[in-house]
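**Student:** quick one: sequence plus predicted model below, questions after.
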Amino acid sequence: MLEIRALQKRYATGDLALKGIDLSVAPGQVVGLIGPSGAGKSSLIRCINRLVTPSAGEILLDGLDLGRLGGRGLRLARRQIGMIFQEYALVERLTVMENLLSGRLGYTGFWASWFRRFEPQDIEQALRLLERVGLGGMENKRADALSGGQRQRVGIARALMQSPKLLLVDEPTASLDPKTSRQIMRLVLELCRERGLAAIVNIHDVVLATEFLPRIVGLRAGEIVYDGPAARVGPEVLTRIYGDEDWSAISRQMQSPALDDDATDAAEDTARRASPAALPSHPTVALRGSPA
């Protein structure tokens, strides 16, 4: 579904951030992207969603070369790529619902979006997604009143509002505590399975990556130095990616069983979603600027 061939990115400073990257991601496959700072992970994601223009190579999404697109063609292609940001990228003064509906701007005309006139089916979709990510009943809460974990859940739901084929996830747990980090990773994986989404997850936490992400791609100095199963990521592979170090402690963490509270959290989430009392019967959505 995603095919990257001989991708290079050289910045105006002369730095070559990506040195001929070849990478394929099949429909529904979730890939963890790891490597030291400066390895090229962010540059790779920014090239895929065309926040920066590649210097050479091809980025094919269902056969369409994203690197050659511009204007309306690029805007249409970006509908297929959902982005989940490290720092959430929410509009703080807007409500949760308004932030979610911004995920439909690629499908909404300029004036309709300016006056916040969204289709009823978009609002219904947003409400369903809020329930799914554990934020049912919070549609009218301002984004700046949310916790870090809640903000990331809004960011996930907003990306899914695009109905994308590919998710790009940039450091989704960097600002979260360990328990919330595990909940967010679990949620991302569940949503990808449910929707058949492919995803590339840029993540610094090696233990978290190898526990949740079945395929790991390791970058070093702009080149892929490992591409394989998470189960094979051990001291030798970590040295290849990050350099010489005593990886024994990390290896023990990767081999240890999951935390006991995982099953409890999953059961609580399932029970809450299934409870009639937890579901709003006729939610009222306040979209400021909308006609009464």
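**Tutor:** Looks like it arrived, so ask away. Residues are numbered from 1 along each chain as shown.

**Student:** could I get the full set of strands for the stretch 101-250 of the chain?
**Tutor:** In the stretch 101-250 of the chain, the strands defined using DSSP state E, counting those that start in this stretch lie at 166-170, 198-202, 215-220, 223-229.

**Student:** which one of these lies nearest to R104?
**Tutor:** Judged by CB to CB, the one of the strands of the stretch 101-250 of the chain that comes nearest to R104 is strand 166-170, at 16.5 Å. C-beta: built from backbone N, CA, C; applies to glycine.

**Student:** any idea how far the closest one is from the chain center?
**Tutor:** Mean-position distance between strand 166-170 and its chain equals 4 Å (CA atoms, centre = their mean, to the nearest Å).

**Student:** do the same with stretch 64-72
**Tutor:** Taking CA atoms, centre = their mean, the mean C-alpha location of stretch 64-72 is offset from the chain mean by 21 Å.

**Student:** measure that stretch end to end?
**Tutor:** In stretch 64-72, first residue to last residue: 14 Å (CA to CA, to the nearest Å).

**Student:** over to stretch 206-219?
**Tutor:** End-to-end distance of stretch 206-219: 13 Å, with CA to CA as the criterion.

**Student:** show me where the stretch 101-250 of the chain has helices.
**Tutor:** Secondary structure of the stretch 101-250 of the chain (DSSP state H, counting those that start in this stretch): helices at 110-114, 120-132, 148-160, 178-195, 206-212, 235-242, 248-255.

**Student:** okay, those, which one's buried deepest?
**Tutor:** Burial of the helices of the stretch 101-250 of the chain is given as mean neighbour count (mean count of other CB atoms under 10 Å); helix 148-160 ranks first at a mean of 23.

**Student:** next, count neighbours for I45.
**Tutor:** 21 (other CB atoms under 10 Å).

**Student:** surely T53 touches G67?
**Tutor:** Yes. Under the contact definition of CB atoms under 8 Å, T53 touches G67, with a separation of 7.1 Å.

**Student:** any residues in contact with both of these two?
**Tutor:** Common contacts of T53 and G67 (CB atoms under 8 Å, 6 or more residues apart in numbering): C47.

**Student:** looking at those two, which is more packed in?
**Tutor:** Taking other CB under 10 Å, T53 and G67 do not tie; G67 has more neighbours (19 against 11).

**Student:** quick one, phi psi at the more buried one?
**Tutor:** The phi and psi torsions at G67 (degrees, to the nearest 10) take the values phi -70, psi -20.

**Student:** how about the strands of the stretch 101-250 of the chain in CSV, adding distance to D122, mean pLDDT and mean neighbour count?
**Tutor:** Below are these laid out as CSV (distance: least, CB to CB, whole Å; pLDDT from 0 to 100; neighbours: other CB atoms under 10 Å):
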stretch, distance to D122, mean pLDDT, mean neighbour count
strand 166-170, 19, 94, 23
strand 198-202, 23, 96, 24
strand 215-220, 33, 98, 22
strand 223-229, 38, 98, 15
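
**Student:** L238 is in contact with Y226, correct?
**Tutor:** No. Counting by CB under 8 Å, Y226 stays clear of L238, with 9.0 Å between them.

**Student:** circling back: nearest to V169, out of the helices of the stretch 101-250 of the chain?
**Tutor:** Smallest distance to V169 across the helices of the stretch 101-250 of the chain (CB to CB): 6.3 Å, for helix 178-195.

**Student:** who's L2 bridged to?
**Tutor:** V25, L61 (DSSP bridges).

**Student:** hmm, it is touching I48, no?
**Tutor:** Yes. The pair L2 and I48 passes the contact test of CB under 8 Å, sitting 7.5 Å apart.

**Student:** give me the common contacts of these two.
**Tutor:** Residues touching both L2 and I48 by CB under 8 Å, 6+ apart: 59, 166, 200.

**Student:** got CSV for the residues you listed, with distance to L16 too?
**Tutor:** Shown next, in CSV, are the shared contacts of L2 and I48 (distance: CB to CB, whole Å):
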residue, distance to L16
I59, 17
L166, 25
I200, 21
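
**Student:** extract the CA atoms of stretch 127-141 and return them as PDB.
**Tutor:** Presented in PDB, the C-alpha positions along stretch 127-141 are these (Å, rounded to 0.1, in the frame of the first residue of the first chain):
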ATOM      1  CA  LEU A 127     -19.600  11.200  18.600                       C
ATOM      2  CA  ARG A 128     -19.000   7.500  17.800                       C
ATOM      3  CA  LEU A 129     -15.200   8.000  17.800                       C
ATOM      4  CA  LEU A 130     -15.300   9.900  21.100                       C
ATOM      5  CA  GLU A 131     -17.100   6.900  22.600                       C
ATOM      6  CA  ARG A 132     -14.500   4.500  21.100                       C
ATOM      7  CA  VAL A 133     -11.500   6.400  22.400                       C
ATOM      8  CA  GLY A 134     -13.000   6.700  25.900                       C
ATOM      9  CA  LEU A 135     -14.100  10.300  25.800                       C
ATOM     10  CA  GLY A 136     -17.900   9.900  25.500                       C
ATOM     11  CA  GLY A 137     -19.800  12.900  26.900                       C
ATOM     12  CA  MET A 138     -16.800  15.300  26.700                       C
ATOM     13  CA  GLU A 139     -17.600  16.700  23.200                       C
ATOM     14  CA  ASN A 140     -18.200  20.300  24.600                       C
ATOM     15  CA  LYS A 141     -15.200  20.400  26.900                       C
END
